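[1] Quick one, fold the following:
(one chain, ligands or ions: 1)
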Amino acid sequence: MQIKDAPSVSVQSSSTGVTISEKHPVKTPQKVEISKEVISESVAIDGIPSKNYYGADLYGRPLNVLELKKLSGITPSNANNTINDILRLAISGVEHDKILTNDKIYLTLWLRANTYPQSGYSVPFECPLCQSESNYDFKTDDIVVNEISDKDVGDIQEIEGDIYRFKYMTIGDETRISKFKDSVKKSMARYDSEIINIAAQIEEINGQKATIMLAYDKLISSPQIFSRVISYLNGFDFGVKETFNVTCNKCGEITTAGLSFRPDFFIPVYRHADAT
Ligand SMILES: [Zn+2]
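    Have a look, this model is predicted:
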């Protein structure tokens, strides 16, 4: 599904009236190559999981100290808002609210990589075989992306006698979800957060625009409807694979480690070289 009214935002000092997509054709590489060049202004971002979904390039620039400081204060409870704030500031080319949530991790990694082009990130892990502590040097080349499906999530689906149209979740939908949760605050105990998220991806039911409330009620009305919707949407999962194969420094066992956004990911601790 393409965003048909994708904004032709001009980036930087571009006053040529040329739209971004014409100026920078969208590339769709499988293996992600994040630039190692030091950039000082916005450049087009390659390798986004949603490929050419936006019909325009997204642009990013290195983060400044205040932004990094904010990111280094990331906690599980503020993570989503913090990342959204940073993306609002540092990513351009597409309206902030239209950015797909499944692209967010990739964009955050891209910003970090282009802020510290030379600096990898050491991920500590414990080997499950010999229990020794190892370190894995995470590099942006290791990012593995599950790309968006070539099928259109918005193709109509007949489910238990109703016609559904689905969409991918956007940052705008996250705002919609927050407002919905606020509006049902008193009875929030009746609502399940994950089902609300799924409801936000139902765009239409029988040709009618679906509110979160309407979609939610439909989802919980029948186990058949719920499981068919889940199965359908699972076929459209995409984004950054958050685990990497790592090798134990001691015994060589290959296992997986996850990348976490810890404070030192955004403000690396530089160690002095050992005195010789
Ligand atoms: Zn080991």
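[2] which residues of the stretch 1-150 of the chain score low on pLDDT?
    1-40 (pLDDT under 70).
[3] Taking it, what residue is nearest to the ion?
    At 3.0 Å from the ion, C127 is the closest residue in the stretch 1-150 of the chain, using CB to the ion. Every C-beta, even on glycine, is put in place using the N, C-alpha and C of the backbone.
[4] residue contacts, that residue?
    Neighbouring residues of C127 by CB atoms under 8 Å, 6 or more residues apart in numbering: 133-134, 248, 250-251, 253, 255.
[5] okay, these in JSON lines with neighbour count next?
    Shown next, in JSON lines, are those (neighbours: other CB atoms under 10 Å):
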{"residue": "E133", "neighbour count": "11"}
{"residue": "S134", "neighbour count": "19"}
{"residue": "C248", "neighbour count": "20"}
{"residue": "K250", "neighbour count": "13"}
{"residue": "C251", "neighbour count": "12"}
{"residue": "E253", "neighbour count": "14"}
{"residue": "T255", "neighbour count": "17"}
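[6] ok, so of these, who is nearest I198?
    Distance to I198 across the contacts of C127 (CB to CB) is lowest for T255, with 32.2 Å.
[7] can you map out the helices along the stretch 1-150 of the chain?
    Assigned by DSSP state H, counting those that start in this stretch, the stretch 1-150 of the chain shows helices spanning 20-23, 65-72, 79-90, 104-115.
[8] give the contact list for the residue most central in space within the chain.
    The chain has K104 as the residue nearest its centroid, 2.3 Å off, counting by CA atoms, centre = their mean. Listed by CB under 8 Å, 6+ apart, the contact set of K104 reads 83-84, 87, 171.
[9] deepest of the helices of the stretch 1-150 of the chain, which one?
    Most buried of these, by mean neighbour count (mean count of other CB atoms under 10 Å): helix 104-115, with a mean of 22.
[10] on that earlier part again, please determine how far the residue nearest to the centre of the chain is located from D46.
    K104 is 17 Å from D46, where distance means CB to CB, to the nearest Å.
[11] now do L109
    With distances taken as CB to CB, L109 is found 13 Å from D46.
[12] Narrow the contacts of C127 to those in strands?
    Using DSSP state E, the subset of the contacts of C127 located in strands is 133-134, 255.
[13] before we move on, the earlier item: phi, psi for the nearest residue to the residue of the stretch 1-150 of the chain closest to the ion once chain neighbours are set aside please.
    Among residues not flanking C127 along the chain, C248 sits closest, at 3.9 Å (CB to CB, 6 or more residues apart in numbering). Per-residue torsions, C248: phi -70, psi 130 (degrees, to the nearest 10).
[14] who in this protein is up against the ion?
    Listed as neighbours of the ion in the chain under the rule CB under 5 Å from the ion: 127, 129-130, 248, 250-251, 253.
[15] again, 6 Å this time
    Within the chain, the residues that sit near the ion (CB under 6 Å from the ion) are 127, 129-130, 132, 248, 250-251, 253.
[16] hmm, back to that, I'd like a version of the helices of the stretch 1-150 of the chain in TSV, one that adds distance to F236 as further columns.
    What follows is these, written out as TSV (distance: least, CB to CB, whole Å):
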stretch	distance to F236
helix 20-23	23
helix 65-72	29
helix 79-90	21
helix 104-115	16
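[17] What residues does L259 make contact with?
    109, 121, 123, 138, 242-244, 265.
[18] Please list only the buried members of those residues.
    For the contacts of L259, a burial check counting by 16 or more other CB atoms under 10 Å picks out 109, 121, 123, 138, 244, 265.
[19] Give me the local confidence score for the last one.
    F265 is assigned a predicted lDDT (pLDDT) of 79.
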